[in-house]
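Q: Below: sequence and its predicted model.
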Amino acid sequence: MEVEICVGSSCHLKGSYEVVKVLEHYIEENDLKEDIRLRGSFCLGHCTEGVSVRMDGKVLSLSPENAVDVLRRRWEAMQDAADQF
Ligand code: FES
């Protein structure tokens, strides 16, 4: 799964660096480096809702506090969907 974290100025001010750090930690801890790839992104066009993160083509609004929960839920949902085929 591709995860793009906006590092544009508005999202940067709202904590994109901290979001990157907590997600990197989660991926490392759960040995998901092969499955989830983090990338920085320029402005995703949702500056007022940042920190903007695109997962699977969908732009979500994350914070350092909810980032791990959101990533875990989306990852688990993808796994469940994959299991059905
Ligand atoms: S600066 Fe992040 S969406 Fe615009």
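A: Right, received. Where do you want to start? Since we're looking at a predicted model, the values are computed, not measured.
Q: surely Leu71 meets Asp56?
A: No. If you go by C-beta atoms under 8 Å, Leu71 and Asp56 don't touch, sitting 11.0 Å apart. All C-beta spots, glycine's among them, are computed from the backbone N, C-alpha and C.
Q: Please identify which of the two sits among more neighbours.
A: Set Leu71 next to Asp56 and count neighbours by other C-beta atoms under 10 Å: Leu71 wins out with 24 against 12.
Q: any idea which helix or strand carries the more buried one?
A: Assigned by DSSP states H and E, Leu71 belongs to helix 67-83.
Q: got the contact list for the residue in the chain positioned nearest to the ligand?
A: Using C-beta to the nearest ligand atom, the single residue of the chain nearest to the ligand is Gly8, 2.6 Å away. The contact partners of Gly8, by C-beta atoms under 8 Å, 6 or more residues apart in numbering, come to 41-44, 47, 50, 52.
Q: Now which of these would you call buried?
A: For the contacts of Gly8, a neighbour count by 16 or more other C-beta atoms under 10 Å gives the buried set as 41, 44, 50, 52.
Q: Farthest-apart pair in those residues, please.
A: Ser41 and Gly50 (11.3 Å; C-beta to C-beta).
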